[in-house]
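>>> Let me see the structure of the following:
(2 chains)
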Amino acid sequence: MGGRKQGQTSDAIAEFFAELGRRGHEPLLENASGSARFDVADGKRTERWLLTIDKGDLSVSRKNAAADCVVRVGRAAFERAVKGKFNLMAAALRGEFTIGGDPRLLVLLQRLFPRPSRRRRRPSGKTP
Amino acid sequence: MSDGLVKILDGNTFVVSDARGDIEASPTDPTGLFSYDTRFLSEWVLTINGDRMNPLSVDDLQYFESRFFLVPGTGTVYIDAKLSVIRRRAVGNGFHEELTILNHADEPVDLTVRVDAGCDFADLFEVKDALKKKGTYSARVKGGRLVLAYDRETFGRSTAISSSQPARVDKKGLTFKIRIGPHDKWSTGLDVVTERLGVEEAELEDPAKSRRRMQRGLERWVNEAPRLECDWEPLRETYRRSLVDLAALRFSPRIAGGHSLPAAGLPWFMTMFGRDSILTSLQALPFASELAATTLRALGDWQGVGLDDFRDEDPGRILHEMRYGELTAFEERPHSPYYGSADATPLFVVLLDEYERWTGDRGLVRELEIEARAALNWIDEYADLQDTGYIWYERRNKKSGLENQCWKDSWDSISFRDGRIPGFPRATCELQGYAYDAKLRAARLARLVWKDAPFAERLEQEAADLKRRFNRDFWVEDGEYFALALDPDGVQVDALTSNNGHLLWSGIVDKSKAKAVAGHLVGSRLFSGWGVRTLAEGEGRYNPIGYHVGTVWPFDNSFVAWGLRRYGFKDEAAVVAAGILDAAEFFEGRLPEAFGGYERSQTMYPVQYPTACSPQAWSTGAPLLFLRTMLGLEPHGDNLMVDAALPSTIGHLELLDIPGRWGRIDAFGRGRIDVEQRRR
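You can find the predicted model right below:
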């Protein structure tokens, strides 16, 4: 997970997907294949991002095509998600987005999102 | 859970009512209709002409269905025998109730039938801790349905109530004005449907269809399990009860593709638990290996990938507990999921290997290679908080995280002989055993499936090194057993506990020390006559009804017996098995989570721990593991070895059609070990 830049541009969502496209391969998803479409609603407009995974190989497009898993989410909420500001599971339980199709894929896709908080690994920092 | 309550369940939806079928939940008690950790119905009261019902009897038809026979009447004195009432209720997307009223009189009767309904939409955590709600309630009548709802920002949960017969529906329930002819009957269906569950929108299923599906599922489950023949009737009953309860505790989150894994237990824990699901899957492997496959996949999918202090998440860590209620949704609790468990991660690897040994399913081992390697990496990189080569735990979420991240997770479970409680981080002994076992088992998988011999050699070297250090650092010389833990300064937390049995199971114990350890496990300080106590009599915090400081846990004992067997202590394993199986008879075959550590000769019957969950998955799985242990079932290549060592009380025992990589094999044994004499 480490070393990834988070989008600080005006469009964090576009930057998030662009980065996934550049990454091209994610070892943590080598067992995953399938497609997920994110329908991001912003007022009356809906932006669609189609993420396809083939044994860890990632590709991103803006096609409005059928997908194994469809996530419908508001723009503000999804911006927070791609910045690692919220936990996807908790957000789903709150009803901040809805999931259609195969939810297992989305469970795996959580591995692509930045984590909400980080800290040094040793709470007591003690060495023997 | 107090007695007299009727519970039916399907997956993580369950209904708890009184013997009349009524629900009148107080904020703190676990009655009602629950689904995904939320109460969807807290009031459900039937009256006829203003009178409450009197219960005559309840039939528990199946775990998902019950039938209440009632008569209307006020109090216990007057009972109007001219009417009888039957409520037949089954779980599924909420529940479906068939209400039937029979008129036994020669004249027609005019009745006002009323069902009061209401809901507090409590999160199960709130029920446990009596917390206050932050959102708003509403009730509306729409298209003949009563819809009760709770909303807080984008979070919403609702319950829709409807009937098949015409009713006057108001915001507090349904009223039927009916006339029933002489010797005639009237009936209506009542549907209580849970809506807006959150992530997992259930597809609506016709109640009759749903009941048939559950019935078929249960029959298939029981038919596919090995058949048990035995001279000793109570064991047959315990075995059947275990199979049915395990079926009931299966839970099929949609994220697991409709396959099922064991939830932990009713009523608090109908959800995904790392430790409980893994240990139950291990217990059930010889009987139903698909539980292990689903558990491994689901836990693998949710494996931690980053550092998150609120959830105590690390890369590679296997989750502790998943919750779906309001407090989790608003991150007032960290269970989305919470990762604060120090044993689930090594046990994940242990289960993967044991699963392959039984089933020969190398496909899954290949599929989970990344996750297994990440789990092994967690042991060395993230769990060794003191850089001493051990697994340590200390929560980073100081507010709502778990202090003790081992199976004995209550606050006072880890103590010195004199009762003092050590600081953090703590390295409990069984965690090191699991880590040792995980490394050796992973080495086998690395050679066999992942084709990575250097990795296997490294793991074996690490395991050997760990074993050597462990036997030096944890061995309590003057007591001849292993310390419960090391404290932050590396000092032995020296109480004598049942954890020693888990160490035998993992194989980390030096052969030269095993005899002394086995002696303690069946000795008078740990063994009560019914089972091995969590904490030995005579220790500072020993209390025969203390949750993890003196009670006897059937699940714990099943692993203790497995450990004894692993080191060749067949008779001792049989003594432990016989004690717990004797106890099961007092609970009609359904072992509770825990019972009192009182001396057997003192109480003559096992005293149930007051708030124990029942049924509980790993207690349900305990008799299965005892059967495996007593019969000495052990996969050996493509064969199943059988080496029975049974208590004489059991007599003749046959376990037929044991499934595995060998196809199906039968195992036979005859009880020859005089456990009565051994107990003395």
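
>>> check contacts around the residue nearest to residue B:126 when sequence neighbours are not counted.
Nearest residue to residue B:126, sequence neighbours excluded (Cβ to Cβ, 6 or more residues apart in numbering or on different chains): residue B:327, at 6.9 Å. Glycine gets a C-beta too; all of them are placed from N, C-alpha and C. Going by Cβ atoms under 8 Å, 6 or more residues apart in numbering or on different chains, residue B:327 touches B:123, B:125, B:126, B:131, B:333.

>>> can you do 10 Å?
Counting by Cβ atoms under 10 Å, 6 or more residues apart in numbering or on different chains, residue B:327 touches A:93, B:37, B:122-126, B:129, B:131, B:134, B:333-335, B:400.

>>> swap in residue B:663?
Counting by Cβ under 10 Å, 6+ apart, residue B:663 makes contact with B:638, B:640, B:657.

>>> Next, give phi and psi for the last one.
The main-chain torsion angles of residue B:657 are listed as degrees, to the nearest 10 and equal phi 60, psi 50.

>>> Now which of the contacts of residue B:327 would you call buried?
Buried members of the contacts of residue B:327, scored by 16 or more other Cβ atoms under 10 Å in any protein chain shown, are A:93, B:37, B:122, B:123, B:124, B:125, B:126, B:131, B:333, B:334, B:335, B:400.

>>> With respect to residue B:160, which of those is nearest?
Comparing these against residue B:160 with Cβ to Cβ picks out residue B:122 as the nearest, at 18.4 Å.

>>> Quantify the burial of the nearest residue to that closest one once chain neighbours are set aside by counting its neighbouring residues.
Distances taken as Cβ to Cβ, 6+ apart put residue B:39 closest to residue B:122, at 4.5 Å, once the chain neighbours are dropped. For residue B:39, the neighbour count with other Cβ atoms under 10 Å in any protein chain shown is 27.

>>> Then the one 10 residues further on?
When counting by other Cβ under 10 Å, one arrives at 13 neighbours for residue B:49.

>>> Also residue B:530?
Using other Cβ under 10 Å, residue B:530 has 28 neighbouring residues.

>>> One more: residue B:599?
15.

>>> again with residue B:669
Neighbours of residue B:669 (other Cβ under 10 Å): 21.

>>> Looks like it contacts residue B:630 (just checking).
Yes: counting by Cβ atoms under 10 Å, residue B:630 is a contact partner of residue B:669 at 7.0 Å.

>>> circling back: specify which member of the contacts of residue B:327 is nearest to residue B:458.
Nearest to residue B:458 among the contacts of residue B:327, with distances taken as Cβ to Cβ, is residue B:334, at 34.0 Å.

>>> wait, doesn't that closest one sit right on residue B:398?
No: Residue B:334 is beyond contact range of residue B:398, at 11.3 Å (criterion: Cβ under 10 Å).

>>> Now the common contact residues for those two.
Common neighbours of residue B:334 and residue B:398 (Cβ under 10 Å, 6+ apart) are residue B:309.

>>> In ChimeraX, select just the buried ones from the contacts of residue B:663.
Filtering the contacts of residue B:663 down to the buried ones (16+ other Cβ under 10 Å) takes a single ChimeraX command:
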select /B:640
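
>>> Is it possible to get TSV of the contacts of residue B:663 that adds distance to residue B:413?
Putting the contacts of residue B:663 into TSV (distance: Cβ to Cβ, whole Å) gives the following:
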residue	distance to residue B:413
B:638	42
B:640	37
B:657	40
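
>>> Looking at the contacts of residue B:663, which is nearest chain A?
Nearest to chain A out of those is residue B:638 (Cβ to the nearest Cβ; 26.9 Å).

>>> follow-up on the earlier one: what's near enough to touch the residue nearest to residue B:122?
By Cβ under 10 Å, 6+ apart, the residues touching residue B:39 are B:16, B:23, B:25, B:27, B:30-33, B:119-124, B:126-127, B:150, B:157, B:159, B:325.

>>> For PyMOL, what selects the buried ones among the residues you listed?
Of the contacts of residue B:39, the buried ones can be selected in PyMOL as follows, counting by 16+ other Cβ under 10 Å:
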select buried, chain B and resi 16+23+25+30+31+32+33+119+120+121+122+123+124+126+127+150+157+159+325
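
>>> pLDDT, distance to residue B:184 and secondary structure for the contacts of residue B:327 - can I get that in a markdown table?
Converted to a markdown table, the contacts of residue B:327 look like this (pLDDT from 0 to 100; distance: Cβ to Cβ, whole Å; DSSP: H, G, I helix; E, B strand; the rest coil):
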| residue | pLDDT | distance to residue B:184 | secondary structure |
| --- | --- | --- | --- |
| A:93 | 87 | 48 | helix |
| B:37 | 85 | 43 | coil |
| B:122 | 91 | 41 | coil |
| B:123 | 88 | 45 | strand |
| B:124 | 81 | 43 | helix |
| B:125 | 77 | 48 | helix |
| B:126 | 74 | 45 | helix |
| B:129 | 65 | 49 | helix |
| B:131 | 65 | 49 | coil |
| B:134 | 88 | 50 | coil |
| B:333 | 93 | 52 | coil |
| B:334 | 94 | 57 | coil |
| B:335 | 93 | 52 | coil |
| B:400 | 93 | 57 | coil |
